[in-house]
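> Give me the fold of what follows.
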Amino acid sequence: MTSTEVPPRASSNRRIIPPAVDGLLALLTGIIAAGPYRETLVYWPIFIAALLVMSFCNHVLLTIAFGGSIGKLLTGLRTIRISDLEKPTIGPATRRWLWGFFYILCVPIMMLTGTDMDHLDIAGLRIVRRVDVRRLKG
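Okay, the predicted model is just below:
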């Protein structure tokens, strides 16, 4: 496949909802898992561990198995390898997930300085509309 056959990135408007859905899901998992330990010293470690495990399962394992996180799947988006339009493998999916934490930390700095960072094709992966992938694959 040539680079002209790669679907365009999903618009920023379509990419707004998935992080909110995925973040809410991770937060709720942390709250539920740590709930019984509310008045103890282990509340926050359990909360953070549950949140991270859910985030990893959602963003890495589901992306490998189904092509996207719950938020992306609900909104008709997919994460694909730019090289062959297939679902990501464990390495690139994990790198993209880890990059997300770094990017979250950078956002306030970028907003204050007025700079921008291209984060959309990290680890050779791209977020695209499902219909665009189907159209190209025929």
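
> where does the chain have its least confident helix or strand?
Taking mean pLDDT, DSSP states H and E as the measure, the chain has helix 90-113 as its least confident helix or strand, at a mean of 87.

> I'd like the next helix or strand past that one.
Downstream of helix 90-113, the first helix or strand assigned by DSSP states H and E is strand 125-129.

> List the strands paired with that next one, with their directions.
In its sheet, strand 125-129 lies beside strand 77-81 (antiparallel), with partners assigned from DSSP bridges.

> gap between the partner strand and the chain center?
From the chain centre to the centre of strand 77-81 is a distance of 10 Å (Cα atoms, centre = their mean, to the nearest Å).

> Not counting its own residues, what contacts that strand?
7, 10, 14-15, 18, 63, 67-69, 72, 86-89, 92-93, 96, 124-130, 133 (Cβ atoms under 8 Å, 6 or more residues apart in numbering). All C-beta atoms are positioned from the backbone trio N, CA, C, and that covers glycine.

> what about Thr22, distance to Asp84?
Careful, residue 22 is Asp; it's not Thr. Taken as Cβ to Cβ, to the nearest Å, the spacing of Asp22 relative to Asp84 amounts to 25 Å.

> Next, the residue nearest the centre of the chain: secondary structure please.
Note on the chain: the residue nearest the mean C-alpha position is His59, at 4.9 Å, using Cα atoms, centre = their mean. On the three-state scheme (DSSP: H, G, I helix; E, B strand; the rest coil), His59 is labelled helix.

> Pull the number of nearby residues for the nearest residue to it once chain neighbours are set aside.
Nearest non-adjacent residue to His59, counting by Cβ to Cβ, 6 or more residues apart in numbering: Trp97, 4.5 Å away. Trp97 is flanked by 20 other residues according to other Cβ atoms under 10 Å.

> what does Thr29 give?
Neighbourhood size, Thr29 [other Cβ under 10 Å]: 19.

> Next, find the distance separating it from Ala49.
From Thr29 to Ala49 the distance is 10 Å (Cβ to Cβ).

> quick one: low-confidence ranges for this structure?
Residue ranges of the chain with pLDDT under 70: 1-4, 116-120.

> what about the residue of the chain most remote from its centre, which SS state?
Relative to the mean C-alpha coordinate of the chain, counting by Cα atoms, centre = their mean, the farthest residue is Glu39 (32.1 Å). When states are read from three-state DSSP, the local structure at Glu39 comes out as coil.
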